[in-house]
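**Student:** quick check, what structure comes out for this input:
(4 chains)
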Protein chains: 2
Amino acid sequence: MRPLQARLKSIGIMLDEDIAILDRLQRRTRDYPAGCIVQREKGRMEATRIVVTGWAIRFRTTPDGHRQIVNFLLPGDSIGLYGALFEKSDSGVELITDATLAEFPCAELMDLFRESARLGAALCWIGGQDERFLEQQILRIGALNATSRIAHLLVELQQRMLAAGAAPADAMTMPITQKLIAEALGISHVHANRCCRKLEKRGLIETGQQGLTLLEPTELKSICGYQSSAGPATDLPEASLRRLGRSTG
Amino acid sequence: MRPLQARLKSIGIMLDEDIAILDRLQRRTRDYPAGCIVQREKGRMEATRIVVTGWAIRFRTTPDGHRQIVNFLLPGDSIGLYGALFEKSDSGVELITDATLAEFPCAELMDLFRESARLGAALCWIGGQDERFLEQQILRIGALNATSRIAHLLVELQQRMLAAGAAPADAMTMPITQKLIAEALGISHVHANRCCRKLEKRGLIETGQQGLTLLEPTELKSICGYQSSAGPATDLPEASLRRLGRSTG
DNA sequence: CGCTTCCTTGATTTATGTCAACGTGCGTGG
DNA sequence: CCACGCACGTTGACATAAATCAAGGAAGCG
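**Tutor:** The predicted structure is shown next:
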């Protein structure tokens, strides 16, 4: 199953017909190589895209050339979900691995809203989750020290991989470099390296050529005081579910 | 005119009937004193609220007691816009001035989506803007030094006041303390004070008992490399406007 | 009047940035 | 095949931004 469907299925309101609609929406996919800029900063948003496989980053650049990663995009995440509502994007999107993206015109998304109120709500829910990820990022950068920031980020990414349907074993290894960690967390890559080495020496993570591996997620959580956000299964209020079920017709 | 209407009117798709609907949605208001916690962290979201007058903060707290402000809420901003989609809120909301809030059940918002596709899109647009504010906040905290962070925050808040319909003169003074600035930008209040004093001595801002005043917004922008996001007037693509106009019926 | 909150400033410590150098793997092109 | 450049990781020495500790002043408020 595609990761978007996996995420939405976990909130418990998806019917088979909804899954079919989502399959249709993502029928056109395209492969891109790592390093590809899928969305330019201040550029037009032409299409809505959904990450099917691979990882990407959403970033912004300051006038002095400093690049800040605002969020990582994993399978199941959207690029330009509100594309129909905004002429331009403030942030850019770059692929950090080879990736497969599902692409469709922004307008098709609005048709989907008409077709199924449940799905419309589900996609708003995705958007709301994005906002939570940004809040988590602010918490990390604003309130934690460098080592805790790294632990916090790694734990969040793992949770998100699991939510997108990755097998628990696969969700331990992620295709990120120390440089990316540094750019995401507002620290220098030298300092990021030192903190990573510290975590590695404590046996909490492992770095290899294909990425970074979490060895002790539980301990990582404890050193950064990670608070998991409200679980998806219990998150959608029952009253809303019934409402949406009715209005679909 | 209420600030929410002012913000939406500036994007150019509001008809008189839409304004009337928004007026009706905000017919029930309630006054709260400064310091009031309107939404508890990890608490249930009972209602959707819109700030009519006054300022608030959205915050999160780490296990070690550090409070991080993730966003400021100004007149026209929403609290719990996606209330129907999430059982609990991850962040808390506290009023930093006396405030008037419009309150209505989350479900009423979904009725509104059915009533006017234009308004539904407009409210998604508000949600999308919130996301941009969070991205700005990440950029500030992650990529700028303390003084620039302060300048950047102040400029953004002023822009947002203007967008909500404040008179240009009023948009110069904001009801925030140095402690709040520190909590928002991830710096100590002592350091925030030193940076503020530096800006004050350069004649860029002024601090008085009723708040902080921007004297030289232009220069503040230049010292932090502030990039204004795409303007609202040109932001909603024409194609979407026409689409929405039709589907309203 | 005492309490609280906010602002202010100085002295000192600490976390993190910067600069510099070097190793490794890896793809590219000769 | 080798030589080369390039991106990434690693480590040390040093510089600096910012945190912490400490103390006090001013304004609001019961």
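
**Student:** confirm that residue A:57 sits in a strand.
**Tutor:** Yes: looking at residue A:57 with DSSP: H, G, I helix; E, B strand; the rest coil, it is inside a strand.

**Student:** per-residue confidence for the nearest residue to it once chain neighbours are set aside?
**Tutor:** Leaving aside its chain neighbours, residue A:57 sits nearest to residue A:69 (4.8 Å; criterion: C-beta to C-beta, 6 or more residues apart in numbering or on different chains). C-beta coordinates here come from the backbone N, C-alpha and C atoms, glycine included. In the predicted model, residue A:69 carries a pLDDT score of 98.

**Student:** how about residue A:119?
**Tutor:** On the pLDDT scale, residue A:119 gets 80.

**Student:** what's around it, how many residues?
**Tutor:** Residue A:119 is surrounded by 25 other residues when neighbours are defined as other C-beta atoms under 10 Å in any protein chain shown.

**Student:** got the residues of chain A near DNA strand C?
**Tutor:** Proximity of chain A to DNA strand C is confined to A:145, A:146, A:147, A:186, A:187, A:188, A:190, A:191, A:209 under the rule C-beta under 7 Å from any atom of the strand.

**Student:** let me see the contact set for the fifth one.
**Tutor:** Put plainly, it is residue A:187. Going by C-beta atoms under 8 Å, 6 or more residues apart in numbering or on different chains, residue A:187 touches A:146, A:149, A:195.

**Student:** before we move on, back to that, which of the residues of chain A next to DNA strand C are buried?
**Tutor:** The neighbour-count test (16 or more other C-beta atoms under 10 Å in any protein chain shown) applied to the residues of chain A next to DNA strand C identifies A:146, A:147, A:186, A:187 as buried.

**Student:** and the last one, helix, strand or coil?
**Tutor:** Secondary structure, three-state DSSP: residue A:187 is coil.

**Student:** name the residues of chain A found near DNA strand D, please.
**Tutor:** By C-beta under 7 Å from any atom of the strand, the residues of chain A that approach DNA strand D are A:177, A:178, A:179, A:189, A:190, A:193, A:194, A:196, A:197, A:207.

**Student:** quick one: residues contacting the last one.
**Tutor:** The one in question is residue A:207. Listed by C-beta under 8 Å, 6+ apart, the contact partners of residue A:207 are A:178, A:196, A:200, A:213.

**Student:** can we see that at 7 Å?
**Tutor:** A:196, A:200 (C-beta atoms under 7 Å, 6 or more residues apart in numbering or on different chains).

**Student:** low-scoring stretches of chain A, by residue?
**Tutor:** In the prediction, chain A carries residues with pLDDT under 70 at positions A:230-249.

**Student:** please repeat the previous calculation with a cut-off of 80.
**Tutor:** For chain A, residues meeting the criterion pLDDT under 80 lie at A:1, A:10-15, A:110-118, A:120-121, A:229-249.

**Student:** which residue is the nearest non-sequential neighbour of the residue nearest the centre of chain A?
**Tutor:** Nearest to the mean C-alpha position of chain A, by C-alpha atoms, centre = their mean, lies residue A:73 at 3.7 Å. Using C-beta to C-beta, 6+ apart and skipping the chain neighbours, the partner closest in space to residue A:73 is residue A:56 (4.1 Å).

**Student:** please verify my assumption that that neighbour contacts residue A:74.
**Tutor:** No: with contact defined as C-beta atoms under 7 Å, residue A:56 and residue A:74 do not form a contacting pair (8.3 Å).

**Student:** was I right to think residue A:125 contacts residue B:84?
**Tutor:** No: with contact taken as C-beta under 7 Å, residue A:125 and residue B:84 are classed as non-touching, separated by 9.7 Å.

**Student:** going along the chain, name the helices of chain A.
**Tutor:** A:3-9, A:16-25, A:106-115, A:117-143, A:146-163, A:178-185, A:189-201, A:217-224, A:238-248 (DSSP state H).

**Student:** stretch A:97-104 near chain B anywhere?
**Tutor:** No: in this structure, stretch A:97-104 remains apart from chain B according to C-beta under 7 Å from any C-beta of the partner chain; the gap is never smaller than 15.0 Å.

**Student:** and that stretch, what's buried?
**Tutor:** Of all the residues in stretch A:97-104, those buried under the rule 16+ other C-beta under 10 Å are A:97, A:99, A:101, A:102, A:103, A:104.

**Student:** tell me the contacts of residue A:224?
**Tutor:** Contacts were defined as C-beta under 7 Å, 6+ apart; by that measure residue A:224 touches A:144, A:148, A:151, A:152.

**Student:** for those, which one is nearest DNA strand D?
**Tutor:** Looking at these and their distance to DNA strand D, the nearest is residue A:144, at 11.4 Å (C-beta to the nearest atom of the strand).

**Student:** hang on, the closest one packs against residue A:150?
**Tutor:** No: applying C-beta under 7 Å as the test, residue A:144 and residue A:150 come out as separate, 9.1 Å apart.

**Student:** counting neighbours, go ahead and name the busier of those two.
**Tutor:** A side-by-side neighbour count of residue A:144 and residue A:150, using other C-beta under 10 Å, places residue A:150 first with 30 against 24.

**Student:** re earlier: which of the residues of chain A next to DNA strand D count as buried?
**Tutor:** Neighbour-count burial (16+ other C-beta under 10 Å) applied to those gives A:178, A:193, A:196, A:207.
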